[in-house]
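Q: 3D model of this:
(one chain, ligands or ions: 1)
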Amino acid sequence: MTTEILLQKGDITKLQSDAIVNAANSSLMGGGGVDGAIHRAGGPAILAECMEIRKKQGGCETGEAVITNAGNLPCKKVIHTVGPVYQDGKQNEEALLANCYTNSLKLAVENSLRSVAFPNISTGVYRYPKPQAAQIAVSAVQNFVAANPEAFTEIIFICYDEENYSLYKRLLQKA
Ligand code: AR6
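A: Numbering: from 1, shown residues only. Model (predicted):
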C-alpha cells in the first residue's frame, strides 16, 4: 500500500484526519495563528492535557512533538510541535523545522494514527521564508514515507494562504 501525499487549501480544524498537527510554542499554552484556531475550535480539553504535559516535562522543545486529545475537533488526536523562530538561517533552523515533521510522524506511528494533516509550520508568526519552509516540509515527509512505506494511508499539507498553496503545488507536482 502506498501513502498518498495530498495538498488542500483551508482550515486544519475542519479535517477528519486521525491526527492534525499544531504549530505550537514551547509553553504549550496556546497562542495565535493555527494554534489559536485549534484551541478555540477544540475547546478546553486540549489545553488541560497540554498543562498535564507541562507539569511532567516542562513544555516542548523546538523540533520536538507531543500528543493530546482533540477535544471537540473532528480529528482523533492533536500533535503539537514547535517550529523554529527564523533568524538568519544559520541557527540550525532547517534541521529543527525538518525535525518538527519527522518527530510528528514518529509520534503518529507510535499512536497507530494512519492519516496526518500538517499546517505550514513556522511560516506565520515565526517568519520562516515560505519557499524554503515548503521545500523542507515536503522533503522531510517524502523521506519519512520512503523509509516507512506502510505507516500511513495519507498525509495532507493544508495551506491557509495562497502563497503556500502554490509553492506546495509546484513541489508536489515535481514529485
Ligand atoms: N488552518 C491551517 N493553517 C492555518 C490556520 C488554520 N486555521 N491559521 C493559520 N494558519 P502560525 P508559526 C497558517 O503563525 O509561524 C502561535 O502564536 C498560517 O497561514 O500559526 O509556527 C503559536 O502559539 C501559517 O502559514 O505558526 C506560536 O507562538 C501557518 O499556519 C507561534 O504562533 C503557521 O503560522 C508559532 O508560529
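
Q: next one: the one helix or strand T102 maps to to chain centre, how far?
A: Using DSSP states H and E, T102 sits within helix 93-110. Once both centres are worked out by CA atoms, centre = their mean, to the nearest Å, helix 93-110 turns out to sit 8 Å from its chain's centre.

Q: same thing with stretch 167-175?
A: With CA atoms, centre = their mean, you get 18 Å for stretch 167-175.

Q: just the buried positions in it, please.
A: Neighbour counts using 16 or more other CB atoms under 10 Å place L167, Y168, L171, L172 of stretch 167-175 among the buried residues. Quick note: C-beta positions are derived from backbone N, CA and C, even for glycine.

Q: stretch 120-132 now?
A: N120, I121, S122, T123, G124, Y126, Y128, K130, Q132.

Q: now for those: which two are most distant?
A: By the measure CB to CB, G124 and Q132 form the most distant pair in the buried residues of stretch 120-132, at 14.6 Å.

Q: pLDDT weak spots in the protein?
A: Residue ranges of the chain with pLDDT under 70: 1, 175.

Q: what parts of it come near the ligand?
A: With CB under 6 Å from any ligand atom as the criterion, the chain meets the ligand at residues 11-13, 23-25, 31-35, 37, 83, 119-126, 158, 160-161, 164.

Q: just to revisit the earlier point, okay, the buried residues of stretch 167-175 in JSON lines with secondary structure next?
A: Shown next, in JSON lines, are the buried residues of stretch 167-175 (DSSP: H, G, I helix; E, B strand; the rest coil):
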{"residue": "L167", "secondary structure": "helix"}
{"residue": "Y168", "secondary structure": "helix"}
{"residue": "L171", "secondary structure": "helix"}
{"residue": "L172", "secondary structure": "helix"}
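
Q: K77: which of those is nearest?
A: Distances from K77 to those, taken by CB to CB, are shortest for Y168, at 23.3 Å.

Q: now I46, nearest residue through space, not along the chain?
A: G71 (4.6 Å; CB to CB, 6 or more residues apart in numbering).

Q: A helix includes C50, no?
A: Yes - secondary structure of C50 (three-state DSSP): part of a helix.

Q: dump the residue contacts of it.
A: L28, M29, G30, V66, T68, H80 (CB atoms under 8 Å, 6 or more residues apart in numbering).

Q: on that earlier part again, can you lay out the buried residues of stretch 167-175 as a markdown table showing distance to L113?
A: Putting those into a markdown table (distance: CB to CB, whole Å) gives the following:
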| residue | distance to L113 |
| --- | --- |
| L167 | 26 |
| Y168 | 22 |
| L171 | 24 |
| L172 | 22 |
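
Q: wait, which of the residues you listed is closest to K90?
A: L167 (22.4 Å).

Q: the closest one contacts A137, doesn't it?
A: No - using CB atoms under 8 Å, L167 makes no contact with A137, being 9.7 Å away.
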